[in-house]
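Participant: Make a model of this:
(2 chains)
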Amino acid sequence: MPSIQEGIYDLGRLDQLAYRDTAVHRLDPRAKVVTTFVFLVCVISFPPHAVAPMLPFLLYPMYLTLEGGLPVRFLVRKLVAVAPFALLVGIFNPFFDREIVLFLGEIGISGGWVSFTSIMLRFFLTTFAALALIATTSFHSVCMALERLGVPDVLATQMLLLYRYIFVLGDQVMRMARARSLRSHGARGMGLKVYVNMLGHLLLRTHARAQRIYQAMLARGFDGHVRANVDLRLSVRDVGHVLGWSAAFLTFRLIDVPLYIGRLMTGALS
Amino acid sequence: MSHHSIEATGLSFVYPDGTRALDDVSFRLGHGESVAIVGANGAGKSTLLLQLTGFLRPTGGQVRIGEVPITRETLADIRKAIGVVFQDPDDQLFMPTVYEDVAFGPVNHRLPAEEVASRVTEALARVGATHLADRPPYRLSGGEKRAVAIASALALCPNILIMDEPSSNLDPKARRRLIELLAGFEHTKVVATHDLDLALELCERTIVMSAGTVTADGPTRAIFGDDSLLEASGLEKPLGMQGCPLCGGE
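Facilitator: I've put the predicted structure just below:
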């Protein structure tokens, strides 16, 4: 089952990227979370046919990528891997909306194709920004930031534990898958029936583990609240990051920057 | 009030499915004693440890830690006196970083921040894991995980350490380091283990369990010298007490 294996390894790689030490890695996680949130709201709130006005938003994830020294090819590979979801959402637009809305030279382009492009671009921007956030901020810092920003304690703790045990569970799945393929000699190991059995097994094991983890927590005085023991301090740089980028996003959202640049250029030419 | 002793009297436990896991188990461990609990698989070792830590309630008999019986009301206090090291460190290390995991107990006990920091630093230094503080637990080796799991118990400054198979899945060097580490502890220790050589080195006393009962309780060397007892309990003489297979000598 190489796909699961690759998935876990990729997650591990993403996780390791978050422990680098660059200027953007050092920013307070809350600053990055809030900025990303403003980014998402701005991108998502564009009208359905917007394409060009969204382009300036590329600046932010590219800034994180370059400043954070993230491997571009790896991120692109991840983006392509989840693209089918967006493709599925947008693919029917060109069929339903056939009205021609703009001409590129001689070729008329229907509203469907424009909104399809808009969906793909939106997907690309939002996912890219989320990936860049996770690759520059460890997941547990993101959880802690969310908690400090008012997300309920229970939810933050759930996310923390989920992330912690994805690796343990992933290892377990890989071991089971290997054990199965070793004894199924290239055949699909009796197919669905075995698969269902394996899933059931995994569920039971996970349940048993959850019980042991809970015991380990109780043994150390757990009373229902995970108290993070990390001191977060907002610096001037953090505030600058949030305000600066948020101002930029609002500008991009309210003013069609590419159009202005275009007009400026043609104006200058004529 | 001393919390260093453990006393089990007439301890019995039947799992809801009818399995009788413990049957009239009694013993008393004094301050600073180091005791190995050995026995075949399914002899009741793990169930006994769960009883000593109050995770399972006995169906008969009683456990006292110090002079206090384990009840629903006393449990929270009693757990402050006990450090538990679980068999699988992955169960024990659930926080995102080693530092936070070791700090989990002290923070829950609402210790002031400086005290938490000094306890964590001290516990990590004690097990030689200071350099791992900022690492996430899933990126540690087996031996490192075990060391950190022990540190997370030590950070609570317990009087009693209860350990389930501390040397399982360790490479020989890591196992040796663990034995040296544990030998340096002055806590009352209860170690459930299949590693009889570890028991021989660490524990002056051994309790042998078989089918939920205590079949022997005495000085470790005497117990491991009793061939018929070992045979009946599904055990084997520790390698350290067997003759050398090459030269035939002891």
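
Participant: quick one: the helices in the stretch 101-250 of chain A?
Facilitator: Taking DSSP state H, counting those that start in this stretch to define them, one finds helices in the stretch 101-250 of chain A at A:111-136, A:139-148, A:153-182, A:191-219, A:236-254.

Participant: With residue A:62 as the reference, name the closest of these.
Facilitator: Closest approach to residue A:62 among the helices of the stretch 101-250 of chain A (Cβ to Cβ): helix A:111-136, 8.4 Å. Where C-beta positions appear, they are placed from N, C-alpha and C, glycine not excepted.

Participant: and that closest one, what does it pack onto?
Facilitator: Here helix A:111-136 touches helix A:2-17, helix A:29-44, helix A:59-67, helix A:72-90, helix A:93-96, strand A:100-104, going by 3 or more Cβ pairs under 8 Å, 6 or more residues apart in numbering or on different chains; DSSP states H and E.

Participant: CA atoms only for the third one, dumped as CSV, please.
Facilitator: Written as CSV, here are the backbone C-alpha positions of helix A:59-67 (Å, rounded to 0.1, in the frame of the first residue of the first chain):
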residue,chain,number,x,y,z
LEU,A,59,2.5,37.0,-3.2
TYR,A,60,1.7,35.9,0.3
PRO,A,61,2.3,32.1,0.0
MET,A,62,5.2,32.8,-2.3
TYR,A,63,6.7,35.1,0.4
LEU,A,64,6.3,32.3,3.0
THR,A,65,7.8,29.8,0.7
LEU,A,66,10.8,31.8,-0.3
GLU,A,67,11.5,33.3,3.1
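
Participant: buried set for that helix?
Facilitator: A:60, A:61, A:64, A:65 (16 or more other Cβ atoms under 10 Å in any protein chain shown).

Participant: Pick the one among the residues you listed closest to residue B:207.
Facilitator: Distance to residue B:207, by Cβ to Cβ, is smallest for residue A:64 among these, at 58.8 Å.

Participant: Hmm, that closest one is touching residue A:132, no?
Facilitator: Yes - using Cβ atoms under 8 Å, residue A:64 is in contact with residue A:132, at 3.9 Å.

Participant: Quick check: neighbours shared by those two?
Facilitator: Counting by Cβ atoms under 8 Å, 6 or more residues apart in numbering or on different chains, the shared contacts of residue A:64 and residue A:132 are residue A:70.

Participant: Residues of chain B that sit close to chain A?
Facilitator: With Cβ under 8 Å from any Cβ of the partner chain as the criterion, chain B meets chain A at residues B:50, B:53, B:55, B:76, B:79-80, B:82-84, B:86, B:88, B:90-92, B:94-97, B:99-100, B:103-105, B:107-109, B:113, B:116, B:134, B:136-138, B:152-153, B:156.

Participant: and with 7 Å instead?
Facilitator: Residues of chain B found near chain A (Cβ under 7 Å from any Cβ of the partner chain) are B:53, B:55, B:79, B:84, B:86, B:90-92, B:94, B:96, B:100, B:103-105, B:107-109, B:116, B:138, B:152, B:156.

Participant: Show me these that map onto helices.
Facilitator: Counting by DSSP state H, those place B:79, B:90, B:91, B:92, B:100, B:103, B:104, B:105, B:107, B:108, B:116, B:152 in helices.

Participant: Surely the second one is in contact with residue A:168?
Facilitator: Yes - with contacts defined as Cβ atoms under 7 Å, residue B:90 counts as touching residue A:168 at a distance of 5.3 Å.

Participant: tell me the SS of the residue positioned nearest the centre of chain B?
Facilitator: Chain B has residue B:163 as the residue nearest its centroid, 1.6 Å off, counting by Cα atoms, centre = their mean. Following DSSP: H, G, I helix; E, B strand; the rest coil, the label given to residue B:163 is strand.

Participant: just for the chain, where's the confidence low?
Facilitator: Here I'm looking at chain A. Residue ranges of chain A with pLDDT under 70: A:1-3, A:186-190, A:228-231, A:268-270.

Participant: hm, I was asking about chain B
Facilitator: If you take pLDDT under 70 as the line, chain B has these spans: B:1-2, B:248-250.

Participant: just the strands in it please.
Facilitator: For chain B, strands defined by DSSP state E occupy the ranges B:6-14, B:20-29, B:34-38, B:60-65, B:68-69, B:82-85, B:160-164, B:188-192, B:205-210, B:213-219.

Participant: Can you point out the buried residues in the last one?
Facilitator: Right, strand B:213-219. Counting neighbours by 16+ other Cβ under 10 Å, strand B:213-219 gives B:213, B:214, B:216, B:217 as buried.

Participant: try the second one
Facilitator: When burial is assessed from 16+ other Cβ under 10 Å, strand B:20-29 yields the following buried residues: B:21, B:22, B:23, B:25, B:27, B:29.

Participant: These into CSV, with extra columns for distance to residue A:85?
Facilitator: Output for the buried residues of strand B:20-29, formatted as CSV (distance: Cβ to Cβ, whole Å):
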residue, distance to residue A:85
B:21, 50
B:22, 53
B:23, 58
B:25, 57
B:27, 61
B:29, 59
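
Participant: Distance of residue A:64 relative to residue A:31?
Facilitator: Distance, residue A:64 to residue A:31, using Cβ to Cβ, to the nearest Å: 12 Å.

Participant: if I read this right, residue A:52 contacts residue A:258, doesn't it?
Facilitator: Yes - assessed by Cβ under 7 Å, residue A:52 is found in contact with residue A:258 at 4.6 Å.

Participant: Distance to chain B added to the helices and strands packed on helix A:111-136, as CSV?
Facilitator: Formatted as CSV, these follow (distance: least, Cβ to the nearest Cβ, whole Å):
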stretch, distance to chain B
helix A:2-17, 7
helix A:29-44, 12
helix A:59-67, 21
helix A:72-90, 19
helix A:93-96, 41
strand A:100-104, 49
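
Participant: which one of those is the most hemmed in?
Facilitator: Stretch with highest mean neighbour count among the helices and strands packed on helix A:111-136: helix A:29-44 (a mean of 20; mean count of other Cβ atoms under 10 Å in any protein chain shown).

Participant: now could you export just the CA positions of that helix as PDB?
Facilitator: Output in PDB follows, covering the C-alpha atoms of helix A:29-44 (Å, rounded to 0.1, in the frame of the first residue of the first chain):
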ATOM      1  CA  PRO A  29       2.000  31.300  15.400                       C
ATOM      2  CA  ARG A  30      -1.000  33.500  16.200                       C
ATOM      3  CA  ALA A  31       0.300  36.100  13.700                       C
ATOM      4  CA  LYS A  32       0.500  33.500  11.000                       C
ATOM      5  CA  VAL A  33      -2.900  32.000  11.800                       C
ATOM      6  CA  VAL A  34      -4.700  35.300  11.800                       C
ATOM      7  CA  THR A  35      -3.000  36.500   8.600                       C
ATOM      8  CA  THR A  36      -3.800  33.200   6.900                       C
ATOM      9  CA  PHE A  37      -7.400  33.600   8.000                       C
ATOM     10  CA  VAL A  38      -7.700  37.100   6.500                       C
ATOM     11  CA  PHE A  39      -6.100  35.800   3.400                       C
ATOM     12  CA  LEU A  40      -8.700  33.000   3.100                       C
ATOM     13  CA  VAL A  41     -11.600  35.300   3.700                       C
ATOM     14  CA  CYS A  42     -10.500  37.700   1.100                       C
ATOM     15  CA  VAL A  43      -9.800  35.100  -1.500                       C
ATOM     16  CA  ILE A  44     -13.100  33.200  -0.900                       C
END
